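Student: sequence unavailable; structure follows:
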C-alpha cells in the first residue's frame with residue numbers, strides 16, 4: 001500500500017465515523033460551526049504553511065524573499081480581481097477543481113492530456129456536489145450565491161440538474177482513469193476509497209461536508225503529499241514539517257486572513273461573514289494551488 005493510499009484509507013475511516021455520528025444523532029448547528037472553525041484554524045489554513053518547504057525543495061531552492069514575493073504578488077493580484085466577482089469566482093472554481101482533482105487522483109498516470117481532462121472533470125464534479133447537493137442550506141448561510149445563480153441560465157440549470165452534471169463529469173473522469181493500461185489493484189482500491197468522501201459530501205449537511213472534504217480530507221492529504229515528495233515521511237522526519245519556520249508561517253496565515261477579512265469587508269461590497277471568509281481563503285489559496293501543482297509535476301519556483 002502506497003503512503004498516499006494509506007493516508008486516504010485513514011481519512012476515509014474518519015469520514016465514515018463522522019457520517020455515522022450524524023446518522024445516529026444530528027449535530028446542532030452551533031456545534032458544526034465550532035467544528036468548522038476548529039478544523040479550519042488547526043488544519044485547513046496551516047497546511048499552506050508548508051508551501052515554503054515545497055518551494056525550498058525545488059530545483060532553484062527558492063529563498064525566503066523569492067517565496068514571499070511570489071506569494072504576496074499572486075495574492076494581491078487575485079484580491080484586486082475580486083472587484084470583478086464573476087471573473088474571480090470563475091477562475092477560482094476552475095483552479096480549485098484542478099487542485100482537488102490533482103491531489104485526489106495523484107496515484108493515476110494516464111496519457112498527460114487525458115490526465116488533465118480527468119482531473120478537471122473529477123474536480124468540477126466534486127465542486128458541483130459541494131455547492132448544490134445541500135443548496136438550500138448553503139444559501140441560508142450565503143444568500144449572495146442564490147442571487148448570482150438566478151442571474152445566469154447555465155448556473156440555474158446546474159442547480160436544477162446537478163446530479164446529471166455530477167455523474168456525467170465523474171463518469172468521464174472514471175472512464176479515462178480505467179482506460180489506463182497499467183492500472184493495478186492499488187489504484188482500483190484508491191477509486192473505491194475516493195467514492196466515500198464523495199458520498200459524504202451528499203449525505204452530510206453543507207457545513208459539515210465542507211469541513212470534512214476541505215479541512216480534513218484535502219488538507220491532510222496535501223500534507224501527506226508534501227511528506228511523500230519531500231522525503232519527510234516517518235516520525236524521525238517530522239521536524240521537517242513541524243518546526244519554528246512552519247509554525248511561524250501558520251500564524252502568519254491566520255494574521256493575513258484577519259487582515260484580508262478587514263480589507264474585503266471595508267473596501268468591497270460584501271457583508272456576509274462566511275462569504276468574506278471564503279473570498280479571503282481563495283486569495284491565499286491561489287499561490288498555494290500553483291505550488292502544489294509544481295510539486296506534483298516536479299516543476300518548481
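Tutor: Ah, there it is. As the structure is a computational prediction, the values presented were derived from the model and not from experiment. Numbering: from 1, shown residues only.

Student: name the SS class of the residue of the chain most remote from its centre, please.
Tutor: Going by C-alpha atoms, centre = their mean, the residue of the chain most distant from its centre is residue 181, 28.9 Å out. At residue 181 the chain is in coil, as set by DSSP: H, G, I helix; E, B strand; the rest coil.

Student: local confidence estimate at it?
Tutor: Residue 181 carries a pLDDT value of 70.

Student: and it, how far is that from residue 191?
Tutor: Here residue 181 is placed at a distance of 16 Å from residue 191 (C-beta to C-beta, to the nearest Å). Just so you know, the C-beta spots here come from the backbone N, C-alpha and C atoms, and that holds for glycine as well.

Student: how many other residues sit next to residue 177?
Tutor: By the criterion of other C-beta atoms under 10 Å, residue 177 has 24 neighbours.

Student: where's it relative to residue 250, distance?
Tutor: Here residue 177 is placed at a distance of 34 Å from residue 250 (C-beta to C-beta).

Student: in the stretch 151-300 of the chain, which spans are helices?
Tutor: 153-160, 162-178, 185-203, 206-210, 219-229, 244-267, 273-296 (DSSP state H, counting those that start in this stretch).

Student: mind checking the SS state of residue 26?
Tutor: With three-state DSSP as the criterion, residue 26 reads coil.

Student: and for it, the neighbour number?
Tutor: If you count neighbours by other C-beta under 10 Å, residue 26 ends up with 12.

Student: same deal with residue 221?
Tutor: 21.

Student: quick check: it vs residue 14, distance?
Tutor: Relative to residue 14, residue 221 is positioned 11 Å away (C-beta to C-beta).

Student: repeat that for residue 266.
Tutor: Distance from residue 266 to residue 14, by C-beta to C-beta: 38 Å.

Student: cool, and residue 70?
Tutor: According to C-beta to C-beta, residue 70 and residue 14 sit 33 Å apart.

Student: how far does the helix or strand bottoming out on mean pLDDT in the chain sit from the chain's center?
Tutor: Lowest mean confidence among the helices and strands of the chain (mean pLDDT, DSSP states H and E): helix 51-56, at a mean of 76. Here the centre of mass of C-alpha atoms in helix 51-56, compared against the chain's by C-alpha atoms, centre = their mean, to the nearest Å, lies 18 Å away.

Student: do the same with stretch 127-135
Tutor: The answer for stretch 127-135 is 14 Å, by C-alpha atoms, centre = their mean.

Student: same thing with stretch 102-122?
Tutor: Centroid separation for stretch 102-122 versus its chain: 16 Å, with C-alpha atoms, centre = their mean.

Student: list the buried ones in that stretch?
Tutor: Buried residues in stretch 102-122, defined by neighbour count with 16 or more other C-beta atoms under 10 Å: 102-108, 110, 115, 117-122.

Student: do stretch 132-145 as well
Tutor: 132, 133, 134, 135, 138, 139, 141, 142, 145.

Student: among the residues you listed, find me the one that's closest to residue 27.
Tutor: residue 134 (14.2 Å; C-beta to C-beta).

Student: give me every residue that touches the closest one.
Tutor: Listed by C-beta atoms under 8 Å, 6 or more residues apart in numbering, the contact set of residue 134 reads 204, 205, 206, 209.

Student: report the two of these separated the most.
Tutor: Within the contacts of residue 134, two members stand farthest from each other by C-beta to C-beta: 204 and 206, at 7.9 Å.

Student: about what we covered before: which strands and helices sit next to the least confident helix or strand of the chain?
Tutor: For helix 51-56, the packing partners by 3 or more C-beta pairs under 8 Å, 6 or more residues apart in numbering; DSSP states H and E come out as helix 64-81, helix 219-229, helix 244-267, helix 273-296.

Student: picking up where we left off before, adding neighbour count and pLDDT, write the contacts of residue 134 out as TSV.
Tutor: Shown next, in TSV, are these (neighbours: other C-beta atoms under 10 Å; pLDDT from 0 to 100):
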residue	neighbour count	pLDDT
204	24	94
205	16	93
206	22	94
209	24	94
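
Student: minimum distance to residue 64: which of the helices of the stretch 151-300 of the chain has it?
Tutor: Of all the helices of the stretch 151-300 of the chain, helix 244-267 sits nearest to residue 64, with 9.1 Å by C-beta to C-beta.
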